[in-house]
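> This is a predicted model, with the sequence first.
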Amino acid sequence: MRVSAFGGAAAAVIALGMIGAGTQAITVTVNEGTMYQTIEGIGPMEGAGAWTYKQGPFYVPVNLDSIHYFDTLVIDGGYTALRADPVTAYQATQGNFAVTGSVRQELIYEQKYVQAAQRAGEPFRILWTCWSPPPWMKANNSCCDTTGTGDPNNYLLPSHYTDFANHWIRLLQIARDTFGVNVYAISLQNEPLFNEPYVSCNYGIGPGCGWNGVCYNNMFKVVAPLIHAAHPNVKLVASEDLNRTIVESNLRSDAISNPLVYAWATHNDFTSSFAYWNDRPVWQTEPHPVGFMNDAQMCMSNLGAGAATWFDWGYTNGDCSTAGTADMTCVKKGTYRSLKMFARYVRPGARRILSGGGASGSFGVIAFYHPTDTCLAIILINGTGTAEPATLSVTGTYQPAQFQAWRSTDTQDEVDAGTVAGNGTYSMPANSVTTLVAGKYKGTSTVGTVRQPAQAFAPAARTLPVVQRLYALDGRRVATARQGHAGLAAGVYCAQAVSHSPVHDRAMQVEGITR
């Protein structure tokens, strides 16, 4: 793995001294004078799903609310983003806009994420990706490649482009007005040049199409303007493809499409692909890490290459399967423990900052600075089998007297590793990820050491008055009420100051909606 260059609003020099004959010290410089991308969110791909656990001879469904599932992921895990797909299963029959079944359950899950973030006064951004338009819009009348060998009719019919736009418009409206879910961004198609036996749609086939991105752009330039007119605050990202230049060249050269693309979204794990486009944010929406260390290395590599948003394909609650635990134990697997070392301390609004230096083997360093919260977070990876010291020498505008060190391994979940002086030495255990953090953190004006709250889910004293508007699933407004809700105890991560935007002030609780 390579060590990425970073830098940012605090000039620091970190010397990673390696013990032993034949080893060479690693020096990494961090300079506040040069900043790179602004982080928009870090979180999971499809990170919710109920499971069962064994109780005697029986398998009992777990109650996600009773185990604080959503609060844990947002507060303990630090997640600020989620990639999901309620779009594919919606409107299975033309003109039937009712929200039932899996779509309703997905929106309820998303609602619970948003509620948990709102209670904590934290941002939470949702990306919707469509894996296939409804079958009735496609030439093969199927959600998938029906042949398994390259279905020539697995494409969206141009005659249904407007129907596809209305499909999005209606579901986005219902999510917002009925479930209190304001979707941050959408992607009109997952991997648009592939036929798959699972839900997929290939824009490289059909009349006049080819492996060139032309037909994806033909769809985008019709559908995107209609969605943007109805939901101007929803961002569009494209194209979530592995062959990024093919599709994106067409979008970029089109006078209608180009201004509507907010970010280039990639599924390419190779960071060299991030350099193709630098005129707008780059989102990594489907990395494919395997296990604790690979997850941390890939996240560091992708963020270091310029990713503004990172959705972890490796984190799901799949370890729970059909025989998980009655608590969060099965959720907090290796990828959860590695991702939180980034997500919990690198909050939306943080800037990746310049650093340089050398590294060998599986050592890595990356740093972020939050200009609003004056928070410096330095993430260290030691992927070797021996412990190594890291000696810090911090200079520049922001010189914290000490850092709080938090460490995770494949078997340890964010251990409190004590404090490290701004010019002190920290011993990195073998195969570990450590976050050193200093600065103003959530809900305080304190500059200093970050400590865990005594109780992660204790109610806060404050109550926010909000106006609640209730809607039926067809979009009709049925009631208005004013209510308050309690927040949770202050978290321990660097956080953007609470902003009472229309999204934040919308009531998240909707009467009559239960799991």
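That came through fine. Residues are numbered from 1 along each chain as shown.
> Quick check, pLDDT for S132.
Listed pLDDT for S132 reads 98.
> wait, what's in contact with it?
T88, K138, C143, C144, V199, S200, C201 (CB atoms under 8 Å, 6 or more residues apart in numbering). Where C-beta positions appear, they are placed from N, C-alpha and C, glycine not excepted.
> From the residues you listed, pick the one nearest R176.
Nearest to R176 among the contacts of S132: T88, at 19.2 Å, using CB to CB.
> Make sure that closest one is actually in contact with W131.
Yes: with contacts counted by CB atoms under 8 Å, T88 reaches W131, the gap being 4.9 Å.
> Surely T391 touches S427?
No: applying CB under 8 Å, one finds T391 not in contact with S427, separated by 10.2 Å.
> before we move on, the earlier item: identify the contacts common to T88 and W131.
Shared between the contact lists of T88 and W131 (criterion: CB under 8 Å, 6+ apart) are residues C143, V199.
> Tell me how many other residues crowd T425.
Using other CB atoms under 10 Å, T425 has 12 other residues around it.
> That should have said Y369, apologies.
Neighbours around Y369, by other CB under 10 Å: 28.
> Which pLDDT value goes with it?
91.
> So this protein: which segments form each domain?
12-38+352-440, 41-142+153-345 (automatic domain parsing).
> Confidence-wise, which of those domains is weakest overall?
Looking at the domains of the chain, the lowest mean pLDDT belongs to domain 12-38+352-440 (a mean of 77).
> Now do the contacts for T266.
E240, D241, L242, R244, S273, F274, V282, W283, Q284, T285.
> So the closest residue to the second one other than its chain neighbours: helix, strand or coil?
So the one you mean is D241. Distances taken as CB to CB, 6 or more residues apart in numbering place V247 nearest to D241, at 5.1 Å, with adjacent residues excluded. Of the three states, V247 takes helix under DSSP: H, G, I helix; E, B strand; the rest coil.
> What about V247, how many residues nearby?
Neighbours around V247, by other CB under 10 Å: 29.
> and if you look at the one 5 residues further on?
Other residues near R252 come to 17 when the count uses other CB under 10 Å.
> got a list of contacts for the one helix or strand it maps to?
Applying DSSP states H and E as the criterion places R252 in helix 244-253. The set of residues external to helix 244-253 that reach it, using CB under 8 Å, 6+ apart, is 192-193, 203, 211-214, 216-217, 220, 238-239, 241, 257-258, 261, 264, 266, 268, 273, 276-277.
> CA atoms only for it - export them in CSV, please.
Coordinates of the C-alpha atoms in helix 244-253 are reproduced here as CSV (Å, rounded to 0.1, in the frame of the first residue of the first chain):
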residue,chain,number,x,y,z
ARG,A,244,-14.9,6.3,-15.9
THR,A,245,-13.6,8.1,-19.0
ILE,A,246,-16.0,6.4,-21.3
VAL,A,247,-19.3,7.5,-19.8
GLU,A,248,-18.0,10.7,-18.2
SER,A,249,-16.5,12.1,-21.4
ASN,A,250,-20.0,12.1,-22.9
LEU,A,251,-21.5,13.8,-19.9
ARG,A,252,-18.8,16.4,-19.7
SER,A,253,-19.0,17.3,-23.4
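> Now do the same contact list for the residue nearest to V290 when sequence neighbours are not counted.
Distances taken as CB to CB, 6+ apart place G314 nearest to V290, at 6.6 Å, with adjacent residues excluded. For G314, the contact set (CB under 8 Å, 6+ apart) comprises P287, H288, P289, V290, G291, N294, D295, T335, L339.
> which SS class is E240?
Per three-state DSSP, E240 ends up strand.
> L127 belongs to a strand, doesn't it?
Yes: judged by three-state DSSP, L127 forms part of a strand.
> I'd assumed R83 was in contact with it.
Yes: if you go by CB under 8 Å, L127 and R83 touch, sitting 4.7 Å apart.
> Now the common contact residues for those two.
Shared contacts of L127 and R83, defined by CB under 8 Å, 6+ apart, comprise T285, F311.
> Y203 - how many residues pack around it?
For Y203, the count of nearby residues is 29 (other CB under 10 Å).
> Revised request: answer the last question for Q284.
Number of residues near Q284 (other CB under 10 Å) recorded here: 27.
> What sits closest to it if chain neighbours are left out?
The nearest residue in space to Q284 (CB to CB, 6+ apart) is A307, at 4.3 Å.
> Can you show me the helices along the stretch 51-200 of the chain?
Taking DSSP state H, counting those that start in this stretch, the helices of the stretch 51-200 of the chain run over residues 69-71, 101-119, 161-179.
> Would you check how far apart P225 and N258 are?
The gap separating P225 from N258 is 12 Å, by CB to CB, to the nearest Å.
> In stretch 42-52, which residues are buried?
The neighbour-count check on stretch 42-52 (16 or more other CB atoms under 10 Å) flags I42, G43, P44, M45, E46, G47, A48, W51, T52 as buried.
> separation between the fourth one and E286?
If I follow you right, that is M45. Computed as CB to CB, the M45 to E286 distance reads 7 Å.
> can you list residues touching both of those two?
Any residue near both M45 and E286 by CB under 8 Å, 6+ apart counts here, and that gives R83, F311, W313.
> wait, which of those is closest to T384?
Nearest member of the shared contacts of M45 and E286 to T384, counting by CB to CB, is W313, at 25.6 Å.
> The closest one reaches P287, doesn't it?
Yes: using CB under 8 Å, W313 is in contact with P287, at 5.7 Å.
> still on that earlier bit, drop anything exposed from the contacts of G314.
Counted by 16+ other CB under 10 Å, the contacts of G314 give P287, P289, N294, D295, T335, L339 as buried.
> ok, the nearest residue to A421 once chain neighbours are set aside to Y345 distance?
Counting by CB to CB, 6+ apart, Q402 is the residue found nearest to A421 once chain neighbours are left out, at 5.3 Å. Using CB to CB, Q402 is found at 15 Å from Y345.
> Which of these two has more residues huddled nearby?
Neighbours per residue, other CB under 10 Å: of Q402 and Y345, the larger number sits with Y345, 29 against 17.
> Quick check: the gap between S432 and S301.
Between S432 and S301 the computed distance is 17 Å (CB to CB).
> repeat for L171
35 Å.
> Dump the C-alpha coordinates for stretch 63-81 into CSV.
What follows is stretch 63-81, C-alpha atoms only, in CSV (Å, rounded to 0.1, in the frame of the first residue of the first chain):
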residue,chain,number,x,y,z
ASN,A,63,-35.2,-5.5,17.4
LEU,A,64,-32.8,-2.9,15.9
ASP,A,65,-34.3,-0.1,18.0
SER,A,66,-33.9,-2.1,21.3
ILE,A,67,-30.1,-2.5,20.7
HIS,A,68,-29.6,1.1,19.7
TYR,A,69,-28.6,0.0,16.2
PHE,A,70,-29.0,3.4,14.4
ASP,A,71,-27.7,5.5,17.3
THR,A,72,-24.6,3.2,17.5
LEU,A,73,-23.7,3.5,13.9
VAL,A,74,-24.3,7.3,13.8
ILE,A,75,-22.7,8.1,17.2
ASP,A,76,-20.2,5.3,18.0
GLY,A,77,-19.4,4.5,14.4
GLY,A,78,-19.5,8.2,13.4
TYR,A,79,-21.3,7.5,10.1
THR,A,80,-22.4,10.6,8.2
ALA,A,81,-23.4,9.0,4.9
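> Return the set of buried residues in that stretch.
Within stretch 63-81, the residues that qualify as buried are 64, 67-81, counting by 16+ other CB under 10 Å.
> Farthest-apart pair in the residues you listed, please.
Within the buried residues of stretch 63-81, I67 and A81 form the most distant pair, 21.9 Å apart (CB to CB).
> quick one: contacts for the closest residue to M137 other than its chain neighbours?
The shortest distance from M137 to any non-neighbouring residue, by CB to CB, 6+ apart, is to H160 (4.0 Å). Neighbouring residues of H160 by CB under 8 Å, 6+ apart: P133, M137, K138.
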